[in-house]
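# Mind looking at a prediction? Sequence and model below.
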Amino acid sequence: MDSLACVDYSGDRHTDAIIKEAAPSAQLKTVNIRASSGDWFIFNPDKGRGKQSKMSALLSVGGGHQHHRACDAVIVVLKDGVLRTVFIELKSGSPRAGDYVKQFQSTRQFAKYLLGLLDEFHEIRFQQEERFILLHTTKTKKILLDKKPTYQGGNKSFSKDPKNPHKELVNDGVTIYLKQLLV
């Protein structure tokens, strides 16, 4: 966590987090994550990108490379000796694989790089689990309900494949409990 310039929330200081979509035209602008205190943090790979990349030149914008992509948030949780990494992408409307697969793959490789640094220089290794979750809205601007609901999922097995993430239809402003993403 200390080696990232884009950590927005952590379990030692927060119980609520907001994942935001930066695109002004997005229908799905925010997703709220509710968690108890604990050994977790959320970083925003998009925040660490740009022409003058703050997080890593590996994620700088431009150059036409597939690895110059990032998903909207990565939640990292250490629980029962297992490091769980949840990659989240927000999309408005009907998402197409070309819109998110490279983002998941690139961010996954960046996370592997970080874990490789821990192993190489500090001999710290984790048993790991990965999850890829695509949260999206409907095609139309019509809202699903006339309120900001709490996500009711969590009884599902989430995808471990960046090319085939678990897809969930949500409203803008939805609240999701972190424990639901760790099932």
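All right, it came through fine. Residues are numbered from 1 along each chain as shown.
# Show me the shaky parts of this structure.
Along the chain, segments meeting pLDDT under 70 span 48-68, 140-156.
# 50 instead?
Counting by pLDDT under 50, the chain contains low-confidence ranges at 146.
# where along it do the helices fall?
97-122, 178-181 (DSSP state H).
# Tell me which of those helices approaches residue 46 most closely.
helix 97-122 (9.0 Å; C-beta to C-beta). C-betas here are computed from N, CA, C, even on glycine.
# chain center to the closest one: distance?
Using C-alpha atoms, centre = their mean, to the nearest Å, the mean C-alpha position of helix 97-122 is found 12 Å from that of the whole chain.
# Give me the buried positions along it.
By 16 or more other C-beta atoms under 10 Å, the buried positions in helix 97-122 come out as 100-111, 114-115.
# could you pull out the strands for the chain?
Taking DSSP state E as the criterion, the chain carries its strands at 7-10, 16-20, 30-34, 40-43, 73-79, 82-91, 127-136, 166-169, 174-177.
# Can you list the strands that the third one pairs with?
In its sheet, strand 30-34 lies beside strand 16-20 (antiparallel), strand 174-177 (parallel), with partners assigned from DSSP bridges.
# The ones you listed: which one's closest to residue 46?
Across the strands paired with strand 30-34, closest to residue 46 is strand 16-20 (C-beta to C-beta), at 9.2 Å.
# The closest one vs strand 73-79, what angle?
150 degrees (axes from the mean of the first three to the mean of the last three C-alpha atoms, to 10 degrees).
# what does strand 16-20 rub up against?
Identification of contacts with strand 16-20 by C-beta atoms under 8 Å, 6 or more residues apart in numbering yields 8-9, 29-35, 42, 44, 72-73, 88, 90.
# Got a ChimeraX select line for the buried ones in these?
A single ChimeraX command is used to select the members of those judged buried by 16+ other C-beta under 10 Å:
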select :8,9,29,31,32,33,34,35,42,44,72,73,88,90
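# just the contacts of strand 16-20 now: which is nearest residue 80?
Taking C-beta to C-beta as the measure, residue 80 sits nearest to residue 35 out of the contacts of strand 16-20, at 15.8 Å.
# in terms of contact, does that closest one touch residue 11 like I think?
Yes. At 6.5 Å, residue 35 counts as touching residue 11 under the criterion of C-beta atoms under 8 Å.
# who touches both of the two?
Counting by C-beta under 8 Å, 6+ apart, nothing touches both residue 35 and residue 11.
# Quick check: residue 170 vs residue 126, distance?
29 Å (C-beta to C-beta, to the nearest Å).
# One more: residue 176?
Relative to residue 126, and taking C-beta to C-beta, residue 176 is found at 24 Å.
# neighbour count winner among those two?
residue 176 (24 against 15; other C-beta atoms under 10 Å).
# Perfect, that will be all.
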